[in-house]
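**Q** quick one, what's the 3D model for this:
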Amino acid sequence: MLYLIEQCLNGIQLGMLLFLLAAGLTLIFGIMDLVNLAHGSLYMIGAYFAATFAAVTGSFVLGAILALVATLVVGMALEVIAIRRLYGRDHLDHVLGTFGLLLFFNELVRLIWGPAGMTLPLPSEMLTAVQVLPGVYYPAYRLVIIVATLVVALLLYVLVMRTRVGMLIRAGASNREMVGALGVNVKLLYTLVFGLGAALAGFAGLMQAPILTVQIGMGENILILAFVVIIIGGIGSIRGAFVAAIIVGLIDTMGRAFLPDLVRQFVSYSAGSSLGPSLSSMIIYMLMAAVLVFRPEGLFPASSK
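**A** Modelled structure (predicted):
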């Protein structure tokens, strides 16, 4: 029972990271109608920035703040220099253009930081375990990820649904030409939205950096799950991204934790160890396929966000 609770918390923690990535993706796609395969590169850049700034300043928190700001600036610069040229073109052009940017960022990171990975050490107070339930202890840093992401989700909701900027963002998603005709600088609005999406991806990367090695291409696999999340939740829906991220995180974590033992009842130990994680991934994609068949607009369409 204690192991089950721990794995549930691990699934929620993975879901929180997926939400940060998916929220940025769904904002960019829902508002700009842009398929951005380079979003995982911004996740990677955030992790590299955090590892670098933390090493220079000697502070994890200060390094994280500087990395967040730097990723925001990189995202805005990327939108002005490259992404802006893709608006109004078909999705195939978006895929090809942003895939080229993905390759560019991989080689840029290799040029600046080298091919070897980096690590981001945690402060000693985050290396402890916290008692979350009687007899259940959980790593403090993973709880920090969950709490920090919940705060970000709340702030994002307030920004999009309760502020003037959010009103302009939603209006720009509905009718860009009308918003521009009313005197709103749509180009600046899109730059700010893309920068916000980049910052969310960078935040996910820097939060994941102490758990995994910071390395080239680290954002590519998790980006696939982020796309699955926005398809299940509903493209353009922040609430859908949040709920779907939790669902996907729990399925992936619980499947990897419990399916290998179940499969080993029927096959050899080594086969069960490899089949379990594969079946876990298959369940996620089967869920996505079911959503596409029975509710193609997603669990929470953008109109209900």
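
**Q** helix or strand for A201, which one?
**A** Assessed by DSSP states H and E, A201 sits inside helix 186-208.

**Q** pLDDT of that helix, averaged?
**A** Taken as a whole, helix 186-208 carries a mean pLDDT of 92.

**Q** quick check: next helix or strand after that helix?
**A** Helix 186-208 is succeeded, C-terminally, by helix 218-233 (DSSP H and E).

**Q** list the buried ones in the helix holding A201?
**A** Using 16 or more other CB atoms under 10 Å as the test for burial, helix 186-208 gives 186, 189-208. Every C-beta, even on glycine, is put in place using the N, C-alpha and C of the backbone.

**Q** ditto for stretch 130-144
**A** Going by 16+ other CB under 10 Å, stretch 130-144 has these buried residues: Y138, P139, Y141, R142, L143, V144.

**Q** which ones among those are found in strands?
**A** Applying DSSP state E to the buried residues of stretch 130-144, the entries found in strands are Y138, P139.

**Q** any chance of the buried residues of stretch 130-144 in a markdown table with distance to R256 as columns?
**A** As requested, these are exported to a markdown table (distance: CB to CB, whole Å):
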| residue | distance to R256 |
| --- | --- |
| Y138 | 18 |
| P139 | 17 |
| Y141 | 20 |
| R142 | 16 |
| L143 | 20 |
| V144 | 22 |
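
**Q** can you list the buried residues of stretch 130-144 in TSV and add pLDDT?
**A** Output for those, formatted as TSV (pLDDT from 0 to 100):
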residue	pLDDT
Y138	90
P139	91
Y141	93
R142	92
L143	93
V144	93
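
**Q** from the buried residues of stretch 130-144, which is closest to A70?
**A** V144 (20.8 Å; CB to CB).

**Q** tally of neighbours for the nearest residue to the closest one once chain neighbours are set aside?
**A** For V144, ignoring the flanking residues on the chain, the nearest one in space by CB to CB, 6 or more residues apart in numbering is M126 at 6.4 Å. By the criterion of other CB atoms under 10 Å, M126 has 15 neighbours.

**Q** hmm, M126 is touching R142, no?
**A** No. With contact defined as CB atoms under 8 Å, M126 does not reach R142; the gap is 9.4 Å.

**Q** and V95, what is it in contact with?
**A** V35, L37 (CB atoms under 8 Å, 6 or more residues apart in numbering).

**Q** so what's the backbone phi/psi at it?
**A** Note on V95: its backbone torsions stand at phi -60, psi -50 [degrees, to the nearest 10].

**Q** tally of neighbours for L68?
**A** The number of residues near L68, taken as other CB under 10 Å, comes to 21.

**Q** helix or strand for it, which one?
**A** helix 60-81.

**Q** got the contact list for that helix?
**A** 38, 42, 45-47, 49-57, 101, 120-123, 126, 190-192, 194-199, 201-203, 205-207, 210.

**Q** same question for stretch 225-242.
**A** 18-19, 21-23, 25-27, 29-31, 39-40, 153, 156-157, 160, 173, 243-245, 247-248, 252, 284-285, 287-288, 291-292, 297-302, 304-305.

**Q** please apply the same query to stretch 101-120.
**A** Counting by CB under 8 Å, 6+ apart, 37-38, 40-41, 44-45, 47-48, 50-52, 54, 60, 63, 78, 82, 206, 209-210, 213-217, 220 sit against stretch 101-120.
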